[in-house]
Every structure is written in structure tokens, then in C-alpha cells.
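1. Got a sequence here, can you build the structure:
(chains A and B)
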Amino acid sequence: MMIEALIAVALIGALVTFVAPNRVAGKLAFAISLVPAALSLWMFTAFDGSGNALLDGDLAFESHLEWIQLGEYSIEWFVGLDGISLPLVVMTTILCSLAILSSWTPIDSRESQFYGLVLFIEANLIGVFSALDFFVWFIFWEAVLIPMYLLIGVWGGPDRKYAAIKFFVYTNVASLVMFGAFIALVFGLGDAVTSFAMPEIADAMVNGGVQSSVFGIDPGTFTALVFIAMFLGFAVKVPVVPFHTWLPDAHVQAPTPASVLLAGVLLKMGTYALLRFNFTMFPEQVETFAVPIAAIAVISVIYGAMLALAQTDLKRIVAYSSVSSMGYVILGLIAYTQFGVGGATFQMVSHGLISGLMFMSVGVIYNVTHTRSVEEMSGLADRMPIAVGILVAGAFGYMGLPLMSGFHGEFTIFFGAFQADFAYAPLFTALAMFGIVIVAGYLLFALQRTVFGPYHLETDYDVGRAPLHDVAPMFVLLALIIALGVAPELIFDMITNAVDPILNGGDL
Amino acid sequence: MAAYQLPQWAALAPALLLALTGLVLFLIDSISPRSTDRTLLAGTAAVGALASLAVAVWFTAAGVGTPTVDGGEGVIEIFDGQFVVDQLALYFMIVVTIVTALIVVASYDYLAGHTYQAEYYSLVVLAATGMATVAAANSLVTIFIALELTSLPSYALVAILKDNRGSVEAGLKYFLIGALSSAIFVYGISLVYGATGVLQLDSIAEVIADGGADGFGGLLGLGILMLLGGIAFKTASVPFHFWAPEAYEGAPAPISAFLSSASKAAGFVIAFRVFNVAFPLGEIGNVIGFDWTVAFVVLAIVTMTVGNFAAATQENVKRMLAYSSIGHAGYALIGLAGLSADGGELVMGAALMHLLVYGFMNTGAFLFVALAEHWGVGRTFEDYNGLSSQAPVACGAMAVFLFSLAGIPPFGGFFSKYFLFTGALQAATANTAMLAVAAALVVNSALSLYYYSRLVKALWIEDPPATRDRLGQPTGLYAAIVVAAVMTIVILPGFGPVAEAATGAAEALVN
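-> Model prediction:
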């Protein structure tokens, strides 16, 4: 019942916040969000699961409830956590609390609605990472869209309307593609499945797969088509090049806290779903399509980094760098080795923390300077040493500085990808590693121009120190990043424990 | 238990209660003509609708109409089988009475200051009586009579704003097309009668099965096509959908809600019952040479596509909703398109579920338009700009309706569309034409998101115009909208019983 408690607290909190007066909404929402954060931390310490949730693992905090009987298919409320989803849930609850704290300064209209929506997103995000019935999972997956659409559309920047619609349409169309493919797959499996429970479907896929032809398509082709459709559906969410164009618009226009959640958690929905569906249920197809997917990953890494290099808007730089980082995650997944997939999962958490930190510090700078243009400011370190210090630390985390979580994530991904079985794996890995050079290039270049050198600001705002509630969440994130960098085994052990069955279940 | 010690005709209680309410309203009107006691009139109508709803729900829960093999009290046949109270009938009575109750409550404010109060409410309740009777009618004659009982008050209701050109014009158009389609429908009945010699639905099936209609295949086929035409009118499906945007736009908004939700559902119950009971697949194919599912496959695809594409180009919110309701008729037609000789209760049940959920979300959306008309803010998307800053509750509810209509989780509309899609894909394993239907469903859902979210955008994201008067909070309209919104959401955890009732009704019908 712990997962239900998390979701319920966030949902009820969302309702309470909706009707609360604007002036207390921020504090109220923060207080409420501390409950799921604390609960999830407790769950982290009390975690007793092992193995992979989809492949006969022992789930922690599992619960079932009969829901709908639809013909011969049963749908049930089915949630549970394994070593892959638990770290993501903890990251979600912590990031949501911190995002709420970081919105106190920038959000100054319709606060109760804003914080209500953030809590509503939190509830759905927890649901996405814990649901193990496809139907339940899909509800949470799609329900994230509406509040995010409103967060961008109502509280966003000047181009918010365009960005919100683009975000909504891109991700929703992608979901429909994925959804259609998956339902077709369930029918294709025939009598082997009698429910939409993901473990049952995974089991049927791994032990037998689609046996007879479906809709007149032979089983092999059909499975491959489903794999491709689902990959495309999730690829938009991740996003990988060439489906990334919604991302910079959405990130740049979104208010800071929404960017934090977008980059920190929403992108992870895509990679998490890829891991859960494509990379767990289709071991053979993963092998077949390894080279094209690795190519997509490498292109995302390099092209995303090049795009970031070309930007002059700090937020855009961080946004494009996410495309590049997600490319690493895909590379780790397609490597299909323990270090590759484990490292990719670790990188999901690590990137969530680091990109959250980056967006927060850019937000704090924007709060006081009212500009994000690299060209309009320099020498900020002089005026706001703490906030800028954290920005620099975050940038180093992004570059993969040892003893920060980014290092462990990227190192294990590369390590795993070098060992991968598909053709030219070392070449792809080497190319992707070159991306780190570009990352360092654009981040250092941007930092050099904005925070160092003589103080100069084109806008005439009085730059003072950021208030504690702006700086505190960044310190927390930095502490987590360093903690995971120094002691990655905190989560890496449970991740590899959950990842191993995937690889053993496949042909590799 | 009490339910089945009552006389047999008591099984029609939901319809009878509605008829009684209509008569009581007439009585009130004759005692105090031109009464404008809105509380009394709307209250009476609402109590009648709710009582009827309660009885229908109670019957369903008590197992009235459920076949005895499923642990129920058995299907009840009345007047030698002219009427039949089964799960399907009760299910649609529930849909109709829910919509009626919502409409009546909302009309309390909408009709403030209107002259024909008592007439309005009694017409609404009588039309609802017709719809509830349609649900139980089991012979082509009773179906036609009940259908006319539905249609005639509807014509008057559309035109009830007598000083409003749009309303009167819409009423006339609706009447003319309605009269034409009734004529076609009744001609279709006569042809079917000519071919089979009977009017009761199960007898028709028997005659066909015994080979009594052999040699009249062409006649029977033509009759079926004509029946299909009458149904297409009632459900606002292609090719008889032209009246819908005009009538919905001109009619008072609560009546638009009534027509597009309840009246459409009544059309569908005819379609479901007539085609399943009287013309069972397989046997009918041998006589007339083709399976009628082909016709429904085409109709479903064309209807949903026409509705959605037309909706996407509208500037007027009510017209957009009217076309979207045509699109949703296309979705519900999938229920018939997906049938096959050996089953299809999944897709049929999904269509039933969709009509119930649609009863909440579509009614709610039209009632929001009624609210906007009450406020007098205007009719186009732009006129709705920024309403959320002044009326967040109603706009929140409207966002729920629109997202639900678009089929976005976590709202009710997602469920029924999901099941329709699932059902269509399952049917596609037997009939590959259903793949096209499933694909059309997905494409249209994606497209519909465009125009629904456009309205959400207008309400929530656009800035309000500088000058807009304070907006009132009419109790009745607000209550109806909020209830509809809450139901659209609450149906999510409670979908188990709904799915059970719908698939039960579909199973009894298909097999």
C-alpha cells in the first residue's frame, strides 16, 4: 500500500492546493510534497525486492486489485517496485519537492493552480514508474501530459502557446503510435496472455513470442513492426534526433520548475519505457536493430551537443544538452550488457539530478538578471558567488567529472558499450565519447562568458544574492550528485540486480 | 426481490415514470397556465428523471433482464414480446435518464425569463420517455412509434426559442430532414415486412433462418438499407448528418446536449437491437448476399472522418461540438462494424460504454456552452478566451470534458475509446477490414485533439479580453456541469461495474 499512499498524498495534496489561497499555496504544496519524498526515502531503505519486475523478480511494495474484466482480458490495479523503478521514484519525489521550492520566486500568478498541477504531475510520475499493468501504466503516462501542457501554456515564456501545443501534439501522437502497436502485440500473442499485466506479457514475449501470423503478417515481421513502432513512440519522448524538436521549445518556454521536471523526470519516462518494453520484451529484435539504434544514439549525442554549442540562450544550451545526454542512455541500453543497461539506468537518475540542478541555477540567474542570453551578461560570479558556484559545479557534473554522479553513469555506459556484441560497437562508443569533448566545450565556453571576467549586465536589474529557498534546493541536488558520485553502489547495486535478468532472459 | 412479484409491465417502470412525469407537468401547466415557477417545474422533471434512473439502476443491480443462466431474473417480455426488458434496455434507460436529469437541472437557469417553461420540461420528459421506450421496443412497429415519440417533441424543443431566428430555422430543418428520414425508415419497415411477413424482431430472425425470406433477398436488403438510413438520421451519422450542426447550433444549448447525447443513444439502441436480433449475421448474408457489417465498416470510417475533419475547421464552439458529436457517432458505429457471426461482444460492449461515457462528457461540454450563452460571452473560440481566470471551476470541468472527448487519460472517454480500439483490433483478427477502422480511430483521435485542445487553450492559456463583465454563477448549470465532470472522472475507478453491465448487455444481444 506504500505506493498507493505516495500517489494518494500527491493527488489529495493537489486537490487541496487547488482550492487553497494563492498566498499560501507554495508553502502548502512544499509541505505536502515532503510527505511522498520522506515516504519514498523510507521505501528506499526498506527496499527488499530483487530481480526484474517484469521477469519473475521479487517486487517490493507490490499490490494488486481486480479492476475491469474485458472479454477474456482482465485489467487490474497492479503496482510494485524493483531496482530499476525505485531509484526513479525517489528521484521523482525529491525533484518535485525541490522544484516546488524553486518556484516560490518566479511564479507570481495563479499560484494555487500552479502548485496543484505540479503535485498532480508528481502523482502521475510516481504512477508511471510503479505501474506494472499496461493499462494503469498508460493512464499515468498520458495523464502527465495535461498538467505539463498547462504548466507550459499558462506560466511559460513569450512563445508558450506554440511550445505547449507542440509538446502536447508531438508526445501524444507518439503515444498513440506506441499504444496501437502494443495492443496489437497483445492480440498477436493470442491465448498466451489473458491480462494486460506487463510481467505476463514480458513472459509470453521472452518465452515464445508471437507464434502465428497476425492480420495476415507473419510473426517475425509483425514483432519487428511492433518493436519499431514502440521504439518510435518512446523515441519522441526521450527524445532522440530527429524527434527532438519539441524539446528546446518546451524547455525554454516552460517556467523553471516545469523545466526541472521536464528534463529531470519526463525525459526519463521515455528511456524507462524503452527499457521496460523494448529492451525487456524484445530481446531478439534488440539484437536485430542494434546497429541502427546505436547509430541513432550516437547521432543524438553528437548532433545534440553541436546544437547546444550553437546556442546563446543559457536555457537552450541546457535543453539541447539533454538530447545529447539521452543519447548516452540509449547507447547504454542498446549495448545490452550489464554495464551498458545498468549504466543507462544510473544515468537516468544522474541526469535527472544534474539537469534539474542546471535548470534551477539558470532559473536563479534569470530571476535576478531577467536575461538568459550569454551575450548580455558576464562576470556574474562577482555578484552571486553561491548560485554561480553551484552552476559551475553542475556543469562539471554534466561533463562527467569524477566523484560526481555523471562520471559513474557515463563511464559505465561506455564501458558496457565497448563490450557490446553488435557490429562496430567500439567504433560507435568511441564516436559517442567524442561527444563529451563537445559537452565540455559548450559548457566551458558559456561559463567563461557569463560567470567569469569583468562584471557586466545589459539589463539594469540590481543583482543581489539569491534567497535561501532558491539556493537550498540546488545544494540538496549537488549533495545528491556528489553522494552518488562517491558511492554509486547506493543505487547501482539494486539497478544491476534488476538489470541482470533482462540480459539473461535474452539470447546474449 | 420485490421487482419480480410486480406485474410484468412494471418492468417498463423507468419509461412509465418518465411518462408520468410528463403528464404531471401538463397537469401543473393546466392548473396554473404560463407558470414561471421554475423551481417547481424543473424540480418535478428532475425528480422524475432521477426516480426513473434510480429504478433502472436498481433493476440492473437486482438482475432484472439478466438471463437466468447468468444468475439474473430472466429477460422480461411484455405484450407478447412487443417490448422486452433486458440488460440492453435498462442500460440505455440509464444513459437516457442521466442525460435528461442533467439537462433538466441545467435548464433551470438557462430558461430563466422564458415563456414556455412547463411546455419545455414536459416536452423534454416526453422525448426522454420515447427514448426509454425505444430501448425496450422489440418490434419494428413499437420501435417506430417510440421513435416518433422521441422525434416530435425534439422538433418543437429545437425551435422553442421562438424569437430567435436561428432556433426556428434549425427547428424547421430538423423537422424536414427528420420527416424524410422517418418516411425512409417506415418504408424500410414495410419492405422488411413484405419480405418476411412479420414485424417482431425475433420472429424476423426466425423467418429468415427458416428460409421464409429466400427469394426476397433484394427486397429485404433494400429494406435493411432503408432502416439503416433512418438510424443514421437519429444517430447523426453519414449520410444523414447534415441536420446536426444546424440543429445543434440553433437549438438552446441544453437541447443540443439532449439531442447529441440521449437522442443519439436512442438511435444506437435501435441499431444494436434491430441488426443483432432481427438480422443475425451469417444467416442474413445468405439471403441478401452481403453482410451488413460491411456497410457499418464504411459508415463508421466515413462518419468519424467527416465529423472530425469538419470539427477541426470550425470557428464556432457549438458547431465544433456538433461535428465532434458526428465523429463520436462514428466511433460508436464501430460496435456494429466489428461484429462477426461468432461474436464481437467485446467491441459491442465497448460501443455501449462509449455511449454512456459520452452521455456525461458530451452533455457536460454542451452545458458549458449553455453556460457561456447564459453569460453572453459569444460563440466563437476567441470569445471564450481567458474565461478560466473568471470562472476556474466551470473551465476546469470543461477541460475535463474536452480531454475526455479527445480520449486522453485519466478521463472516462479514454476508457471507452481504449476499449473500442481493443475491440476493433480483436475483431480485426477475423476481419481485416477492421484494421482500417482501428487505424481510422487512432488517426481521428489524434486529429480531434487539435480542435479540443484549441478550446482548452482558449479557455486557459489565452488572455481574457480587457472588457468583460463579471460572470455569474448560475446554480443549476454549475451543478449539472460539475456533476458531469465529477462523473467523467469518477467513472475511472468505477469502470468495473460499467464494463460488466455493458459487456453483459452486449453478450446477451450478440449471442
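
2. can you tell me the average pLDDT over the helix or strand that contains residue B:265?
-> Here residue B:265 sits within helix B:264-273, counting by DSSP states H and E. If you average the pLDDT over helix B:264-273, you get 92.

3. Who are the packing partners of the helix or strand following it?
-> Following the chain from helix B:264-273 toward its C-terminal end, the next helix or strand by DSSP H and E is helix B:283-288. Here helix B:283-288 touches helix B:201-209, helix B:217-234, going by 3 or more Cβ pairs under 8 Å, 6 or more residues apart in numbering or on different chains; DSSP states H and E. Just so you know, the C-beta spots here come from the backbone N, C-alpha and C atoms, and that holds for glycine as well.

4. Count the neighbours of the residue of the stretch 351-500 of chain A at minimum distance from chain B for me.
-> Residue nearest to chain B within the stretch 351-500 of chain A (Cβ to the nearest Cβ): residue A:370, separated by 20.8 Å. Using other Cβ atoms under 10 Å in any protein chain shown, residue A:370 has 13 other residues around it.

5. Give me the phi and psi for it.
-> phi 60, psi 30 (degrees, to the nearest 10).

6. Which one of the helices and strands packed on helix B:283-288 lies nearest to residue B:12?
-> Of all those, it is helix B:201-209 that lies closest to residue B:12, at 17.0 Å by Cβ to Cβ.

7. now the closest one against helix B:217-234, angle please.
-> Angle, helix B:201-209 to helix B:217-234, by axes from the mean of the first three to the mean of the last three Cα atoms, to 10 degrees: 150 degrees.

8. So what touches helix B:201-209?
-> B:81, B:138-140, B:192, B:196-198, B:213, B:220, B:273-274, B:277-280, B:283-284, B:287 (Cβ atoms under 8 Å, 6 or more residues apart in numbering or on different chains).

9. Need the buried ones from those selected in PyMOL.
-> To isolate the buried subset of the contacts of helix B:201-209 in PyMOL, counting by 16 or more other Cβ atoms under 10 Å in any protein chain shown, use the following:
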select buried, chain B and resi 138+139+140+192+196+198+213+220+273+274+277+278+279+280+283+284+287
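
10. Just list the residues touching residue A:468, thanks.
-> With Cβ under 8 Å, 6+ apart, residue A:468 has no contacts at all.

11. With only the CA atoms kept, save stretch B:351-368 in CSV.
-> Extracted in CSV, the C-alpha atoms of stretch B:351-368 (Å, rounded to 0.1, in the frame of the first residue of the first chain):
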residue,chain,number,x,y,z
ALA,B,351,-19.6,0.9,-28.0
LEU,B,352,-22.1,0.7,-25.2
MET,B,353,-19.6,2.0,-22.7
HIS,B,354,-18.7,4.8,-25.1
LEU,B,355,-22.3,5.9,-25.3
LEU,B,356,-22.5,6.1,-21.5
VAL,B,357,-19.3,8.0,-21.0
TYR,B,358,-20.3,10.2,-24.0
GLY,B,359,-23.5,10.9,-22.2
PHE,B,360,-21.5,12.6,-19.4
MET,B,361,-18.8,14.3,-21.3
ASN,B,362,-20.7,15.5,-24.3
THR,B,363,-23.7,16.7,-22.2
GLY,B,364,-21.2,18.5,-20.0
ALA,B,365,-19.5,20.2,-22.9
PHE,B,366,-22.7,21.4,-24.4
LEU,B,367,-23.9,22.6,-21.0
PHE,B,368,-20.7,24.6,-20.7
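
12. Would you mind listing what in chain A touches chain B?
-> Within chain A, the positions near chain B by Cβ under 8 Å from any Cβ of the partner chain are A:66-71, A:73, A:110, A:113, A:135, A:138-143, A:145-146, A:149-150, A:153-154, A:160-161, A:164-165, A:168-169, A:172-173, A:176, A:180, A:183-184, A:187, A:214-216.

13. Kindly recompute the last result at 7 Å.
-> A:67-71, A:138-139, A:142-143, A:145-146, A:150, A:153-154, A:161, A:164-165, A:168-169, A:172-173, A:176, A:180, A:183-184, A:187, A:214-216 (Cβ under 7 Å from any Cβ of the partner chain).

14. now, which of these lie within helices?
-> Among the residues of chain A next to chain B, the members found in helices (DSSP state H) are A:138-139, A:142-143, A:145-146, A:150, A:153-154, A:161, A:164-165, A:168-169, A:172-173, A:176, A:180, A:183-184, A:187.

15. quick one: pLDDT of residue 32?
-> Since you didn't name a chain, this refers to chain A. Residue A:32 is given a pLDDT of 95.

16. Let me rephrase: I mean chain B.
-> We have a pLDDT of 83 for residue B:32.

17. quick one: it from residue B:26, how far?
-> Note on residue B:32: its distance to residue B:26, by Cβ to Cβ, to the nearest Å, is 12 Å.

18. Out of the helices and strands packed on helix B:283-288, the one nearest residue B:186 is which?
-> helix B:217-234 (7.9 Å).

19. For that closest one, which residues meet the burial criterion?
-> Buried-residue list, helix B:217-234, by 16+ other Cβ under 10 Å: B:217, B:219-224, B:226-234.

20. now swap in stretch A:429-440 and tell me
-> For stretch A:429-440, by 16+ other Cβ under 10 Å, it's A:429, A:431-433, A:435-436, A:438-440.

21. pretty sure residue A:64 is in a strand, no?
-> Yes: counting by DSSP: H, G, I helix; E, B strand; the rest coil, residue A:64 is located in a strand.

22. follow-up on the earlier one: got TSV for the buried residues of stretch A:429-440, with pLDDT and secondary structure too?
-> Shown next, in TSV, are the buried residues of stretch A:429-440 (pLDDT from 0 to 100; DSSP: H, G, I helix; E, B strand; the rest coil):
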residue	pLDDT	secondary structure
A:429	93	helix
A:431	92	helix
A:432	92	helix
A:433	91	helix
A:435	89	helix
A:436	89	helix
A:438	91	helix
A:439	89	helix
A:440	90	helix
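
23. Show me what from the stretch 401-511 of chain B comes close to chain A.
-> Residues of the stretch 401-511 of chain B found near chain A (Cβ under 7 Å from any Cβ) are B:403, B:408-410, B:419, B:421-422, B:425-426, B:428-429, B:432, B:435, B:442, B:445-446, B:449, B:453, B:457, B:460-461, B:495-496, B:499-500, B:503.

24. Tell me where the stretch 1-150 of chain B has helices.
-> Here the stretch 1-150 of chain B has its helices, by DSSP state H, counting those that start in this stretch, at B:13-31, B:38-62, B:87-110, B:117-136, B:140-158.

25. how far does the fourth one sit from the chain's center?
-> Offset of helix B:117-136 from its chain centre (Cα atoms, centre = their mean, to the nearest Å): 13 Å.

26. for that helix, what is the average pLDDT?
-> On average, helix B:117-136 scores 92.

27. other SSEs contacting that helix?
-> Packing partners of helix B:117-136 (3 or more Cβ pairs under 7 Å, 6 or more residues apart in numbering or on different chains; DSSP states H and E): helix B:13-31, helix B:38-62, strand B:83-85, helix B:87-110, helix B:140-158, helix B:264-273.
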